[in-house]
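Asker: here is the input, now give the coordinates:
(chains A and B)
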Amino acid sequence: MGKRKIGLDTGFFVRLLAGREKAISVYEKIINGEEKAVVSVIVAFELRRLALKGIIDREAYNLLENSLKKLFEVIPVDLEIAIEASSVSHGTGLHASDALIYVSYRKAGCSLIYTTDEAFKAIQSKQVKIELI
Amino acid sequence: MPVERITISIDREFAEELRNMANQEGKSLSSLVREALEEWILLMRRKRAGEALLSLIKERSRVDEEEALKTIKIMRKKEWGSEK
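Answerer: Residues are numbered from 1 along each chain as shown, chains lettered A, B, ... in the order given. Below you'll find the model as predicted:
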């Protein structure tokens, strides 16, 4: 059986950079090849914004940015994702960025999403479990 | 990508096992070893990149956690806000 895929929301990286135990344990499994993880370009956008605002330490951010493609499958927003996310956002009231991230991860085959955003709980399904971290 | 031929020495027992595995998978011994080594190199690259960040994080927190979570909420709600 193949490894399961995990979707990582921006809040996961905040917990990781803060040194939270659970996030570190998930991250260690990813770098050791025990789990596969997916990151949306929207998450990359938000992380850089946090770094530019000085909320994330510059040295740590640079290391993270340089290793994003080595560590994770980075998913762009394509036409299919944009159209499907629009329906999800309209139907559930989810913010546009949440909907784009959710649909990107669902289409990438993720069975679990780690987030700090409680809004994701509203769209939990059998195929994609949401775990607050 | 240009390829280079390399020669390695390995215990006879392992070489025999590799030949059997290659036969079972319908591959040449060379392909089997090449694929395994390439996968190992990618794993090592990932570990090295990942561990550099991990060692920084383990020294001390690298983020203002509360401010970061608040800012993400603002970005999502105000900049990308939905009508509901």
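
Asker: which secondary structure element contains residue A:27?
Answerer: Using DSSP states H and E, residue A:27 falls within helix A:21-31.

Asker: cool, and residue A:67?
Answerer: Taking DSSP H and E as the criterion, the element that holds residue A:67 is helix A:58-71.

Asker: just checking, next helix/strand downstream of that helix?
Answerer: strand A:73-75.

Asker: just the C-alphas of the next helix or strand after that next one, formatted as PDB.
Answerer: Downstream of strand A:73-75, the first helix or strand assigned by DSSP H and E is helix A:79-92. Provided in PDB are the C-alpha atoms of helix A:79-92 (Å, rounded to 0.1, in the frame of the first residue of the first chain):
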ATOM      1  CA  LEU A  79      -8.300  26.200 -13.800                       C
ATOM      2  CA  GLU A  80      -9.900  23.000 -12.500                       C
ATOM      3  CA  ILE A  81      -9.000  23.800  -8.900                       C
ATOM      4  CA  ALA A  82     -10.200  27.400  -9.200                       C
ATOM      5  CA  ILE A  83     -13.600  26.400 -10.600                       C
ATOM      6  CA  GLU A  84     -14.200  23.700  -8.000                       C
ATOM      7  CA  ALA A  85     -13.000  25.900  -5.200                       C
ATOM      8  CA  SER A  86     -15.500  28.600  -6.300                       C
ATOM      9  CA  SER A  87     -18.400  26.100  -5.900                       C
ATOM     10  CA  VAL A  88     -17.000  25.000  -2.500                       C
ATOM     11  CA  SER A  89     -16.700  28.600  -1.300                       C
ATOM     12  CA  HIS A  90     -20.200  29.500  -2.600                       C
ATOM     13  CA  GLY A  91     -21.800  26.400  -1.100                       C
ATOM     14  CA  THR A  92     -20.200  26.500   2.300                       C
END
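
Asker: who are the packing partners of the following helix or strand past helix A:79-92?
Answerer: Counting by DSSP H and E, the next helix or strand C-terminal to helix A:79-92 is helix A:96-107. Using 3 or more CB pairs under 8 Å, 6 or more residues apart in numbering or on different chains; DSSP states H and E, the elements in contact with helix A:96-107 are strand A:5-8, strand A:36-40, helix A:41-52, strand A:73-75, helix A:79-92. Yep, even glycine has a C-beta here, placed from its N, CA and C like the rest.

Asker: the least confident helix or strand in chain B by mean pLDDT packs against which elements?
Answerer: Scoring the helices and strands of chain B by mean pLDDT, DSSP states H and E places helix B:29-59 at the bottom, with a mean of 93. Using 3+ CB pairs under 8 Å, 6+ apart, the elements in contact with helix B:29-59 are helix A:21-31, helix A:58-71, helix B:12-25.

Asker: do that again at 10 Å, thanks
Answerer: helix A:10-17, helix A:21-31, helix A:58-71, helix B:12-25 (3 or more CB pairs under 10 Å, 6 or more residues apart in numbering or on different chains; DSSP states H and E).

Asker: among those, which is the most enclosed?
Answerer: Mean neighbour count (mean count of other CB atoms under 10 Å in any protein chain shown) peaks for helix A:10-17 among those, with a mean of 25.
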